[in-house]
Every structure is written in C-alpha cells, then in structure tokens.
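**Student:** Based on what follows, work out the 3D shape:
(chains A and B)
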Amino acid sequence: MSSPYRQIFGDGLWNNNVAMGQMLALCPLLAVTTSATNGLGMGLASVAVLVLTNIIIASLRSFITPQVRIPVLIVLIATVVTLVDMAINAWMHPLYKVLGLFIALIVTNCAVFGRAESFACKNSVRLAAADALAMGLGFTWVLVAIGGMREILGSGTLFAHASLLLGNGFSWLEMTLIPNFGGILLAVLPPGAFMALGFLIAGKRLIDRWLSAGKSADTLVMPSMAP
Amino acid sequence: MTSAAQPAYRQRLGYHAGLLGGICFLVSVLLIIGNLETSDRIAAHIEAEKRAMLAEVLPASLYDNAPLASPAVQAVSAPFSAPLTIYTATLDGRYNGAALQSAIYGWGSDIQFIVAVDGTGTITGVRVISHGETPGLADGIDIARDPWITGFNGKSLDNPDKRGWGVKKDGGQFDQFTGATITPRAMVRGVHASLQALDAWRQQQLAATATAADSQED
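**Tutor:** Residues are numbered from 1 along each chain as shown, chains lettered A, B, ... in the order given. The predicted model follows:
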C-alpha cells in the first residue's frame, strides 16, 4: 500500500476518526447506537453515501468554485441520500425495512459534508474514494463499538436482530451475554451514548499517549485536526 | 479548492449563479428519473405488504370475499392522521369482521397500522405497516422487533374498559417501552379509536344487511 493510502486509512480508522478525532456525525451516532446492529446498519449506509458523494464531488471539483461550494455540496449530498433511499426501497425492500429509518438520518451527518468539503474538493477521484471508504469504515467501527457497549449494559445482548439486517446466515452473531438481565436504562437513553462515546475517546487518547511515549522521539505525531 | 489558478470567468457572479442553477437542474432531473424508476416498485412493495399484512391480522377462515377489492374510505378524524380505509370481511354474504387501516402521529412520525376485528368486534390482530419512530427505543411496536403488538389480540371495546385502554404509566393495561412512552401511548389510542370506528362501521353494515334482507322479503 503506497503512502497516501496508508495515511488515508490510518486517519480514517484511527488518528482522525470521524467520531473520535473530528467529533463529527455525533447526531446520528448518539441517536441510533442503542444496539450494535443499529450501529452497523447506520455505518454501512453511511459508507455507501460517503463513497458516492466523495466520488461525485471529486469528479466535479474542477467546476465548483469556492464561493458557491457549500450550497452545491449540500444539494449534491441531499440528492445522493434521497436516491440511495429510493433505490434501497425499490430494489432491496427487505433491507429497507430494517435500514430505512437510518438512511434519512444520514443527511444530518456532518461527516459526509466534512469529507466533501475538506477532502473530495481537493483530491483526485481515486483518493477521494479511498478517503470515503476509510472514514466510513472508521465511523462504522465506532458506531458498532458504542452500540455494543450500550447494548450489553442496557439489555445484556449483543447484535440482537442482526439477522434482520444481514440475513439469516448471520444469526450466529446474535448473543445473549447476560441472561435474564433487566438492563441499565441509562445505557439505552441518550446520556448513555454520551458516556460511551466519552469513555471511547478517553481510551483512544490513552492509547495514543502510550504509543507516542513508546516510540522514539523522531516519530512524527499527527496533529489532531480540528473540524 | 484546487491550488491551480482559477480561470478569470469563474470569478464572475454569472458563473456562480449558472453553476448553482445548473447543479440544481441536474439534481432535479436525477431526482425525477429516480422517482419515476422507483415509485412503481415501491408502491408494489407496499401493496404486497398490505396483502400479506391483511392475511396476518384477519384469519382467512373469517371471510369468503375479497376484502382488499372493495375498501371503504372515511375522511381523517381525530385522533387519526390519515384517512381511514376499511376492508370489510363477509362470510356467506353476511358481515363477519373488518380491517381498518390508518395512521396516528407517534413521536415524530406517522405510524401506519392496520387493526382487524372479527364479527363480534374482538381484535384478531394489529400490525404496524410503517413508521419512523426512534430505532432501538420505540421500534418495538414492529412485530419483527418485539411481540408487544400481539398484546392487543383478543381485546375489544369492553375488554378492557375505557380506563384500561392506556399504557400502564397512565393507569391503563398496556406496557410502555423502556425509554419510550409516547409511541406506545399513541398506538394504544390509535387502536382504541379504530375499535370505535369499526364498531360504528359494524352497526352500519348490520343495519344495511338488515334493510337488504327486509327489502328482499318484500
């Protein structure tokens, strides 16, 4: 893997992760992560939209001027989300019945706009696609992690109803970790999402600190980028 | 944007307006094409679901007609948020139950549902057709997520009484969900109102068949 891609995937999955580094997309993140399955569904839908919008915007980047880029990007992103919504509804109806609730929420996802504005506008189509994939997968694993934490604490299960999303072949994913567990209501309610995210970010900071302390002094530490 | 110098014409207001207008036009065309391509399929899916849903709430043994073929539509009335469509089931030409399809406003979305009763007004099934309630919190009204909705089976206007037709938090008989009361409350209200509408419909149907029988005897 050549170096721009290595950096793109390193940024997307860890260093400058959408949720943990850029602190973007918190609205859908907090809203849907009541279970690991919901997180996965939202994550996969976001990956699809991110890749499509980044490719479209990167291929139009030479026509878009800085002065009007924001309305242009908003219109393009809203269109892609609407088209994805309609396409899934028409051709993958069983999936839509599970994912349908999440797709409209993607419009509220500033990460899509953020990547379009800060990356796709300035880079080639190929790099923009890689960036979208990296950012989308990074967002997905955080969604699944937070969803998993809240689901285990809130209802004692993990990946409940996964077969509704992924098909019956994935029913082995559905686990009951703590049988006959009433669950901690707080974990399922919105504050639970804030707390889970807080612990996750704290954990990332700790790991980053250990990593940078362990490495030799000449290692370049990526500055965390403000959104 | 690109570090290369922009051509001078791109700094003109006309270019910006044209770009924005052009993108909007392009996007409108795309959305129109998308809608044309998908609307029939989406409508067909919803229709097929409705048929499957009716089969689920109204046992086939209750009727020998085609209830979906001749629906009666009533105007929107509180607390419903959509017109009421009533599918009448008849057995040997006599009224023997009905299914009512409508919607009620839940927590931020219309909940489309269908309620079916047998000839005596007892619920044979309730299903949510579509909704936009909060995933994970309030989507337990969907049978695929939670068997909650089967709790309406066997209930009628007199069972429980008027006070019992509410969620437990309001002193009624039906469970709410952890973290979500408004959605189940709306569902209970919707089902109760549906029973009242279906009862009125039954009286009307029975009266109609009685007059029909009378006029036949004459």
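
**Student:** contacting residues around A:Leu165?
**Tutor:** A:37, A:40-41, A:95, A:98-99 (CB atoms under 8 Å, 6 or more residues apart in numbering or on different chains). In this view, the C-beta of every residue, glycine as well, is placed from N, C-alpha and C.

**Student:** Give me the distance from the biggest strand by length in chain B to the chain's centre.
**Tutor:** Secondary structure of chain B per DSSP state E: the longest strand is strand B:94-105. Between the centre of strand B:94-105 and the centre of its host chain there is 10 Å, according to CA atoms, centre = their mean, to the nearest Å.

**Student:** secondary structure element for the most centrally placed residue in chain B?
**Tutor:** In chain B, the residue lying closest to the centroid (CA atoms, centre = their mean) is B:Gln112, at 2.1 Å. Taking DSSP states H and E as the definition, B:Gln112 sits inside strand B:110-118.

**Student:** So in that sheet, which strands flank the helix or strand just after that strand, and in what orientation?
**Tutor:** As assigned by DSSP H and E, the chain's next helix or strand after strand B:110-118 is strand B:123-130. With DSSP bridges as the test, strand B:123-130 is paired with strand B:110-118 (antiparallel).

**Student:** packing partners for the host helix or strand of A:Trp210?
**Tutor:** Using DSSP H and E, A:Trp210 sits in helix A:190-214. Here helix A:190-214 touches helix A:26-32, helix A:125-155, helix A:185-188, going by 3 or more CB pairs under 8 Å, 6 or more residues apart in numbering or on different chains; DSSP states H and E.

**Student:** and the angle for it with helix A:125-155?
**Tutor:** 120 degrees (axes from the mean of the first three to the mean of the last three CA atoms, to 10 degrees).

**Student:** where does residue 8 land on pLDDT?
**Tutor:** Here I'm looking at chain A. If you check A:Ile8, the pLDDT there is 88.

**Student:** Actually, chain B is the one I wanted.
**Tutor:** 79.

**Student:** Quickly note the distance from it to A:Gln67.
**Tutor:** 14 Å (CB to CB, to the nearest Å).

**Student:** Run a quick neighbour tally on the residue lying closest to the residue nearest to the centre of chain B once chain neighbours are set aside.
**Tutor:** Spatial nearest neighbour of B:Gln112, excluding adjacent residues (CB to CB, 6 or more residues apart in numbering or on different chains): B:Ile129 at 4.1 Å. If you count neighbours by other CB atoms under 10 Å in any protein chain shown, B:Ile129 ends up with 15.

**Student:** any idea of the angle the helix or strand where A:Gly10 lies forms with helix A:125-155?
**Tutor:** Following DSSP H and E, one finds A:Gly10 within helix A:3-10. Here helix A:3-10 runs at an angle of 20 degrees relative to helix A:125-155 (the same axes, to 10 degrees).

**Student:** Run through the neighbouring helices and strands of helix A:3-10.
**Tutor:** helix A:125-155.

**Student:** elements contacting the helix it packs on?
**Tutor:** Counting contacts by 3+ CB pairs under 8 Å, 6+ apart, helix A:125-155 packs against helix A:3-10, helix A:26-32, helix A:36-60, helix A:110-115, strand A:157-158, helix A:185-188, helix A:190-214.

**Student:** rerun that using 10 Å as the cut-off
**Tutor:** Other helices and strands packing on helix A:125-155, by 3 or more CB pairs under 10 Å, 6 or more residues apart in numbering or on different chains; DSSP states H and E, are helix A:3-10, helix A:26-32, helix A:36-60, helix A:110-115, strand A:157-158, strand A:175-176, helix A:185-188, helix A:190-214.

**Student:** contacting residues around B:Lys50?
**Tutor:** B:68, B:85, B:87, B:99, B:101, B:112, B:114, B:129 (CB atoms under 10 Å, 6 or more residues apart in numbering or on different chains).

**Student:** no wait, A:Ala120
**Tutor:** A:50, A:53-61, A:64, A:73, A:112, A:127-129, A:131-132.

**Student:** quick one: buried residues of the helix holding A:Trp210?
**Tutor:** A:192-193, A:195-197, A:200-201, A:204, A:208 (16 or more other CB atoms under 10 Å in any protein chain shown).

**Student:** quick one: contacts for the residue lying closest to A:Leu143 once chain neighbours are set aside?
**Tutor:** Using CB to CB, 6+ apart and skipping the chain neighbours, the partner closest in space to A:Leu143 is A:Gly39 (3.5 Å). Contact partners of A:Gly39, counting by CB under 10 Å, 6+ apart, are A:28-29, A:32-33, A:102, A:139-151, A:159, B:136.

**Student:** make it 8 Å
**Tutor:** A:32-33, A:140, A:143-148.

**Student:** Including neighbour count and pLDDT, could those go into a markdown table?
**Tutor:** Listed next are the contacts of A:Gly39 as a markdown table, based on neighbours: other CB atoms under 10 Å in any protein chain shown; pLDDT from 0 to 100:
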| residue | neighbour count | pLDDT |
| --- | --- | --- |
| A:Val32 | 25 | 80 |
| A:Thr33 | 31 | 84 |
| A:Thr140 | 21 | 93 |
| A:Leu143 | 26 | 91 |
| A:Val144 | 22 | 92 |
| A:Ala145 | 19 | 93 |
| A:Ile146 | 26 | 92 |
| A:Gly147 | 29 | 91 |
| A:Gly148 | 21 | 91 |
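
**Student:** closest to chain B among those?
**Tutor:** Nearest to chain B among the contacts of A:Gly39, counting by CB to the nearest CB, is A:Val32 at 5.3 Å.

**Student:** so what's the closest one up against?
**Tutor:** A:38-39, A:41-42, A:101-102, A:105, A:143, A:147, B:135-136.

**Student:** I'd like to know how many residues surround B:Asp40.
**Tutor:** 10.

**Student:** Report whether it is found in a helix, as I expect.
**Tutor:** Yes: assessed by DSSP: H, G, I helix; E, B strand; the rest coil, B:Asp40 belongs to a helix.

**Student:** Where is pLDDT lowest across the contacts of A:Val32?
**Tutor:** Among the contacts of A:Val32, B:Pro135 has the lowest pLDDT, at 64.

**Student:** on that earlier part again, any idea which of the helices and strands packed on helix A:190-214 is most buried?
**Tutor:** Counting by mean count of other CB atoms under 10 Å in any protein chain shown, helix A:125-155 has the highest mean neighbour count of the helices and strands packed on helix A:190-214, with a mean of 23.

**Student:** how about the residues of chain A near chain B?
**Tutor:** Where chain A comes near chain B, counting by CB under 8 Å from any CB of the partner chain, the residues are A:31-35, A:38, A:61-69, A:71-72, A:75-76, A:79, A:82-83, A:86-87, A:89-91, A:93, A:97, A:101-102, A:104, A:121-122, A:161, A:164, A:183, A:185, A:188-189.

**Student:** now the contacts of B:Lys50: which count as buried?
**Tutor:** Buried among the contacts of B:Lys50 by 16+ other CB under 10 Å: B:85, B:87, B:99, B:101, B:112, B:114.

**Student:** Tell me which two in those residues are the farthest apart.
**Tutor:** Across those, the longest distance by CB to CB is 14.5 Å; it joins B:Tyr87 and B:Gln112.
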